[in-house]
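Trainee: give the three-dimensional model of this entry:
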Amino acid sequence: MSPTAMLTLLALAWAVFLWTASKRARLLQIGQPAHRLDHLAARLRGTWTYAFRQEKMGYYNPAGTAHKLIFVGFVVLLLRTLILWGRGFYAPFNLWVLGPAQPLGAVYEFAKDCVAVLVLGGTAVFCYYRLVAKPRRMALSLEGLLILLIIAAMMIADMTYDGAALALTLQGDPTCSAGGSVNRSAVCAALSEITAPLVGETWDGTWSAWPAPAGSLFALLFHGQSSRALVFLGRVGFWTHSTLVLLFLNLLPRSKHFHVVTAIPNVFLRSLQPAGRLEPVAENSEKLMEKVGGAAETADPLATPIGVARIEHFTWKSILDFYTCTECGRCSDNCPAYRTGKILSPKHLTLALRDHLYGREQELLEHAPGKSKPSNGTVASDGPKPIDLVPNVIHPDVLWACTSCRACEEQCPVLISYVDKITDMRRSLVMVKGEFPHELQKPFQGMESNGNPWNFSRSDRAGWAEGLGVPMMSERPAAPVLFWVGCAASYDDRAKRIARATAKLLKQAGVDFAILGLEENCTGDPARRAGNEFLFATLAEGNAATINGYKDRGGIKTVVTTCPHCFNSLKNEYPDFGLHVEVVHHTDFLLGLVAEGRLVPSRPVNGRVVYHDSCYLGRYNGVYDPPREILRRIPGVELVEAEYWTKQRGLCCGAGGAQMFMEEQNQDRVNGKRTLQLLDTGAKTIASACPFCMTMLTDGVKAKNLEETVQELDIVELLDRSCEVVAAGVE
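Mentor: This next block holds a predicted model:
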């Protein structure tokens, strides 16, 4: 077409892109270290699942399907773009293997045309969302429409180029075949260049589904136009496509569409740690105390990365998360805090941090690692201007509204993490600044002094087991199963019934188990989620030492717990503190006993039952089916599901992230909203598998004045009723 023009266009566009992208790459370097190149096979599998197959896009249809179509279009049409750029230098260029007379040529042309039409369909869907439906979750900016128009224009331009070329192969220009100087005319030269790649391909003047359905359609539309007009259309199509691709490329680092570049690496570099594990601040409580104490002795305590106080305290991977946010709003759309009118929006949290990062780009780059020091006699400062994220960028109520339910992370199609960032900012507030909601003072003191967040007497911890003959580990140190009761089931009058039902079933099944009694302390989950990492580490070290002590004496091969929060901490976080033991939730363990025939649910428990998924059991640990399977095996139970808000999409009860011990920020309570979702099923029994969930849902039922007609029961209580041996005539 024009080697000079193409070379100039490519050189300038790529130079600008690389300059901008290099700034973004260097900005990553201000972040803290994070090792993300381990387990390559697992990373590649996840990249295929989430980045290429885009598994999570299916949560929102038809938008998810439309996005997949556009993504496939970009992948397939990438070759087309390379071909067109090549034709700018050598007109017959077909990437060596995709010519009309070559085996792959027709296949690729057909695929390209079909995909281009599907991409147009995808852009139409998104235009509908932006111009007509306008969902609340989406950022409805002009930038989004511009990108959609660019994509659509690229597809139409490509079809225009193909259609003009095919039409020219049919009619040509008689004057160009005649002798004389007319053969060297500009129109003839352009006609020759446009049709050069199609040697071996002919068009009969009708629409053809193979091999060029879109190209032949446009050729039919252009049929009868003069050669000069067709040359003009061919050139417009060629240069429009070639240029718009480069324009789009340069818009990426400056817009939310940077995820086109960063999404695949962001998925590949995701954390492979269990979803329920938070990264420790230090190796142990002693080193953490030294770190906090050392920071306190400096002129600027917040300068030391204890949690996250400033933008440069985030890891480079967290910064990559900021780059990758698509602003789709799926995270906020499923966030229980946001849905009940709290100040927290996971999307806007990410955008606020990203905008703060971009707004200080030049300043931060001046202090990036490897940046050369000034040589003009001036003195470089030690670092960027100290700007605390809270409250200068993020309002503290944003952080304290989070229930740590991970609904945002479950929904995010590009695997951005949110809970770790919020917890890290809480850690800085609590451990360095000593700032946290006043309601947490008592739970912190209780966990520290009496090993439970309610600050009840330690001597009452095993009171729930009175009359059941439950042995202590101190009495049976070789018992292979430890029943970890947890604080709620030890002290809360309603939750004690869960512990009693579990113990009765374990005894009925002949399980050799024991409890720790006074030796059991809170796992520290509320402290850790509230940012009090030191208190959590202290409790974790103590509990791990106690369990390991019995392991060394030949006991505790398996830990069974009724609390998903305890389950998650013991299973996923205590290994960092030296505990390595099988940890099983009571629903999983009891289902195994039922499957083995050691427990036989025989007594009918008639009624419609809806099951509420605990966040720490479901989204954190993937336990969805065992509780439901237990319910299915109980005679008389009709299991129903909440519409949409079930399993991975189940709404939080509102107790996680230490919210159990805090007041909500407004009158629209999370547990109330969740209770209504469950009651909409018509069920008269709400089943759960978490004592915290039970408390929140019971309160929700009471708030609706339905406690006389709706009951809230743990799975184990329903199983106990069905397995219970009842005297004749006694109900």
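Trainee: got the phi and psi for the residue nearest to C652 when sequence neighbours are not counted?
Mentor: Nearest residue to C652 in three dimensions, chain neighbours excluded: C405, at 3.7 Å (Cβ to Cβ, 6 or more residues apart in numbering). C-beta: built from backbone N, CA, C; applies to glycine. Backbone torsions for C405, taken as degrees, to the nearest 10, come to phi -80, psi -20.
Trainee: so after the host helix or strand of F17, what's the next helix or strand?
Mentor: Per DSSP states H and E: F17 is located in helix 3-28. Note on helix 3-28: by DSSP H and E, the next helix or strand toward the C-terminus is helix 40-46.
Trainee: which other residues reach that next one?
Mentor: Around helix 40-46, the neighbours that count as contacts under Cβ atoms under 8 Å, 6 or more residues apart in numbering are 267-270, 272.
Trainee: what's across from T685 in the sheet?
Mentor: T685 has these beta-bridge partners by DSSP bridges: V609, Q711.
Trainee: where along this structure do the strands fall?
Mentor: For the chain, strands defined by DSSP state E occupy the ranges 481-484, 513-514, 558-561, 582-585, 607-611, 637-640, 685-688, 711-714.
Trainee: single out the most deeply packed of these.
Mentor: Greatest average neighbour count among the strands of the chain goes to strand 685-688 (a mean of 25), per mean count of other Cβ atoms under 10 Å.
Trainee: what mean pLDDT does it have?
Mentor: For strand 685-688, the mean per-residue pLDDT is 98.
Trainee: give me the contacts around it.
Mentor: Contacts of strand 685-688 (Cβ under 8 Å, 6+ apart): 607-612, 614, 627, 631, 653, 675, 678-679, 694, 697, 701, 710-715, 718.
Trainee: show me what the lengthiest helix in the chain is packed against.
Mentor: Longest helix of the chain, by residue count under DSSP state H: helix 142-171. Counting contacts by 3 or more Cβ pairs under 8 Å, 6 or more residues apart in numbering; DSSP states H and E, helix 142-171 is packed against helix 63-87, helix 103-128, helix 186-195, helix 213-222, helix 227-251.
Trainee: list the buried residues of the longest one.
Mentor: Translated: helix 103-128. Residues 105-106, 108-113, 115-120, 122-123, 125-127 are the ones in helix 103-128 that count as buried (16 or more other Cβ atoms under 10 Å).
Trainee: what angle sits between it and helix 213-222?
Mentor: 80 degrees (axes from the mean of the first three to the mean of the last three Cα atoms, to 10 degrees).
Trainee: by contact count, what packs against helix 103-128?
Mentor: So helix 103-128, by 3+ Cβ pairs under 8 Å, 6+ apart, packs with helix 63-87, helix 142-171, helix 213-222.
Trainee: residue boundaries of the helices in the stretch 551-700 of the chain?
Mentor: Listed in chain order, the helices of the stretch 551-700 of the chain (DSSP state H, counting those that start in this stretch) span 564-568, 586-595, 625-632, 670-679, 691-703.
Trainee: over to the stretch 251-400 of the chain?
Mentor: Counting by DSSP H, counting those that start in this stretch, the helices of the stretch 251-400 of the chain are 259-268, 285-296, 316-324, 330-333, 336-339, 346-359, 361-366, 389-392, 396-400.
Trainee: from the contact counts, what lies against the second one?
Mentor: Packing contacts for helix 285-296, counted by 3+ Cβ pairs under 8 Å, 6+ apart, involve helix 533-552.
Trainee: now the helix it packs on: mean pLDDT?
Mentor: Averaged across helix 533-552, pLDDT comes to 98.
Trainee: repeat that for stretch 437-451.
Mentor: pLDDT averaged over stretch 437-451 gives 97.
Trainee: and that stretch, which residues are buried?
Mentor: In stretch 437-451, counting by 16+ other Cβ under 10 Å, buried: 440, 443-444, 446-448, 450-451.
Trainee: and the contacts of that stretch?
Mentor: So stretch 437-451 is in contact with 400, 452-458, 461, 487, 520-522, 524, 526-527, 530, 532, 535, 538-539, 658, 661-663, going by Cβ under 8 Å, 6+ apart.
Trainee: how far off helix 259-268 does the helix holding F17 point, in degrees?
Mentor: Using the same axes, to 10 degrees: helix 3-28 against helix 259-268 is 40 degrees.
Trainee: got the buried residues for helix 3-28?
Mentor: Applying 16+ other Cβ under 10 Å to helix 3-28 flags 6, 9, 13, 17, 20-21, 24, 26-28 as buried.
Trainee: before we move on, what about stretch 626-638?
Mentor: For stretch 626-638, by 16+ other Cβ under 10 Å, it's 626-631, 633-634, 637.
Trainee: ok, stretch 206-215 next?
Mentor: For stretch 206-215, the neighbour count (16+ other Cβ under 10 Å) marks 207-208, 211-215 as buried.
Trainee: just checking, L365 touches K23?
Mentor: Yes. In this structure, L365 is within contact of K23 by Cβ atoms under 8 Å, at 6.6 Å.
Trainee: now for the residue nearest to D576 when sequence neighbours are not counted, how many residues are close by?
Mentor: Distances taken as Cβ to Cβ, 6+ apart place P280 nearest to D576, at 5.3 Å, with adjacent residues excluded. Counted by other Cβ atoms under 10 Å, the residues lying close to P280 total 18.
Trainee: and P280, how far from E541?
Mentor: 11 Å (Cβ to Cβ, to the nearest Å).
Trainee: try Y60
Mentor: 43 Å.
Trainee: what do you get for T315?
Mentor: Taking Cβ to Cβ, one finds T315 at 25 Å from E541.
Trainee: tell me the one of the contacts of helix 40-46 nearest Y491?
Mentor: Closest approach between the contacts of helix 40-46 and Y491, by Cβ to Cβ: L272, at 36.6 Å.
Trainee: would you agree that closest one is in contact with A34?
Mentor: No. Under the contact definition of Cβ under 8 Å, L272 does not touch A34, with a separation of 11.9 Å.
Trainee: of the two, who's got more company?
Mentor: Taking neighbours as other Cβ under 10 Å, L272 and A34 compare with A34 leading, 15 against 11.
Trainee: out of the helices of the stretch 251-400 of the chain, nearest to N705?
Mentor: So among the helices of the stretch 251-400 of the chain, helix 336-339 is nearest, using Cβ to Cβ, at 22.8 Å.
Trainee: I am finished for the moment; much appreciated.
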